[in-house]
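Student: predicted model follows, preceded by the sequence.
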Amino acid sequence: MYRSRWFLHPIAIFIFSIVAVAASLALYIYWYVEVSTGLKAVIRKANLDPDQVLAAQTWVVILVLSILVGIIMVGIFIIFVYNQKTFQLLRLQRNFINNFTHELKTPVTSLKLYLQTLEKHDLSREDQLKYIGYMLHDVDRLADHVNRILSLARIESKTYRADFRRQDLVAVSEQFRRKSRHLFGDDTIHIHNPSGQPFFYAVDLFLFEMLLMNLIANAIKYNDSPAPRVDITFVAQGRQLSIHFEDNGIGLPPKEFKKIFRKFYQVGRSENMTAKGSGLGLYLADSIVRLHQGRIHAQSKDSGQGSVFTVVLPWSARENDSP
């Protein structure tokens, strides 16, 4: 998302470090072989004190050499940090491949099982509809995974052509809740609008619904409650519109608040949490919010009391005026 400067590229830093090393060696050789010999001859002709003159030249060279050595050390340190980040990214990518393969394999295996059941057994119409419903659920899961990957790829490559249109976000969220009833149930998602007014904002409807899907699915995924619940609350404060997604899940350690929005990052290193999903859901959510000129952050209530994800969008009362 950020344009990198060419002089911060590891290859450029490596070249600068090599040049600094070569320059320091050349300076060292030049001073001891050429300068010292010539300078001593001049000192003898001028009847000067050789100790004072040579001492001054020595300190100048020491200073320059120290600067060059410092540049070399900084360059090596930057390369080391870059390599560490590269190795970390590779590990995260491997974890992503393993987990995403599992995410795809599970619904595919389930689909195969249901199809084999329909093929081998003469089922009643009621049982057929039941299995067809299960298969449609698995197809929705597969479609969600594919759409997530494709959308993220288009957003990162800046080839996604967003269709921004003014929408009442409360109404859009209510419509999404009705459409997703078969996925989450009637008692899972609760939408609150204390002000009672609509909140119009220019959004890409497909991306905004994907944002809702990712945040709600994430809240339910990390939830051990017998009755998972997500409360979506719209609050206008000054020139900002805050959309709070509050759940009754297992919560998050404070150290995870910023990490969870990184690409491929998965929460699963604490004792009461296990890694789930592909590690792209919250990264995609953050990318979508940024595309809409907003920001997203997370906070957690007491341990085991759930988390709150807040989407903040620039907004004013004039947004509700008719165009």
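Tutor: Everything's here; your move. Predicted, not measured: the structure shown is a model, and the values here were computed from it.

Student: how about Gln293, secondary structure?
Tutor: Following DSSP: H, G, I helix; E, B strand; the rest coil, we place Gln293 in the coil state.

Student: so how many other residues sit close to it?
Tutor: Using other CB atoms under 10 Å, Gln293 is surrounded by 10 other residues. For the C-beta atoms, the positions are set from N, CA and C on the backbone; glycine is no exception.

Student: what pairs with the nearest residue to it once chain neighbours are set aside across the strands?
Tutor: Spatial nearest neighbour of Gln293, chain neighbours left out: Pro314 (5.9 Å); criterion: CB to CB, 6 or more residues apart in numbering. Per DSSP bridges, the residues bridged to Pro314 are Gln240.

Student: okay, now Pro314: neighbour count?
Tutor: Pro314 - counted by other CB under 10 Å - has 13 other residues nearby.

Student: now Ile220
Tutor: Number of residues near Ile220 (other CB under 10 Å) recorded here: 19.

Student: are we agreed that it is in a helix?
Tutor: Yes. Under three-state DSSP, Ile220 sits within a helix.

Student: right, and it touches Pro228 too?
Tutor: Yes. If you go by CB atoms under 8 Å, Ile220 and Pro228 touch, sitting 4.8 Å apart.

Student: one step back: what does the pLDDT read for the residue nearest to Gln293?
Tutor: Turning to Pro314, the model gives it a pLDDT of 92.

Student: and for Val172?
Tutor: Value listed for Val172 in the pLDDT field: 94.

Student: by contact count, what packs against the helix or strand it falls within?
Tutor: In this assignment (DSSP states H and E), Val172 forms part of helix 169-179. For helix 169-179, the elements it packs on are strand 189-192, strand 200-204, helix 205-221, strand 230-237, judged by 3 or more CB pairs under 8 Å, 6 or more residues apart in numbering; DSSP states H and E.

Student: alpha carbons of the third one, as PDB, please.
Tutor: Extracted in PDB, the C-alpha atoms of helix 205-221 (Å, rounded to 0.1, in the frame of the first residue of the first chain):
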ATOM      1  CA  LEU A 205     -21.900  -2.000  -1.500                       C
ATOM      2  CA  PHE A 206     -20.000  -5.200  -2.300                       C
ATOM      3  CA  LEU A 207     -17.000  -4.200  -0.200                       C
ATOM      4  CA  PHE A 208     -19.100  -2.900   2.700                       C
ATOM      5  CA  GLU A 209     -21.100  -6.200   2.900                       C
ATOM      6  CA  MET A 210     -17.800  -8.100   2.800                       C
ATOM      7  CA  LEU A 211     -16.600  -5.900   5.700                       C
ATOM      8  CA  LEU A 212     -19.700  -6.800   7.700                       C
ATOM      9  CA  MET A 213     -19.200 -10.500   6.800                       C
ATOM     10  CA  ASN A 214     -15.600 -10.500   7.900                       C
ATOM     11  CA  LEU A 215     -16.100  -8.700  11.200                       C
ATOM     12  CA  ILE A 216     -19.200 -10.800  12.100                       C
ATOM     13  CA  ALA A 217     -17.700 -14.100  11.100                       C
ATOM     14  CA  ASN A 218     -14.500 -13.200  13.100                       C
ATOM     15  CA  ALA A 219     -16.600 -12.400  16.200                       C
ATOM     16  CA  ILE A 220     -18.400 -15.700  15.900                       C
ATOM     17  CA  LYS A 221     -15.300 -17.800  15.100                       C
END
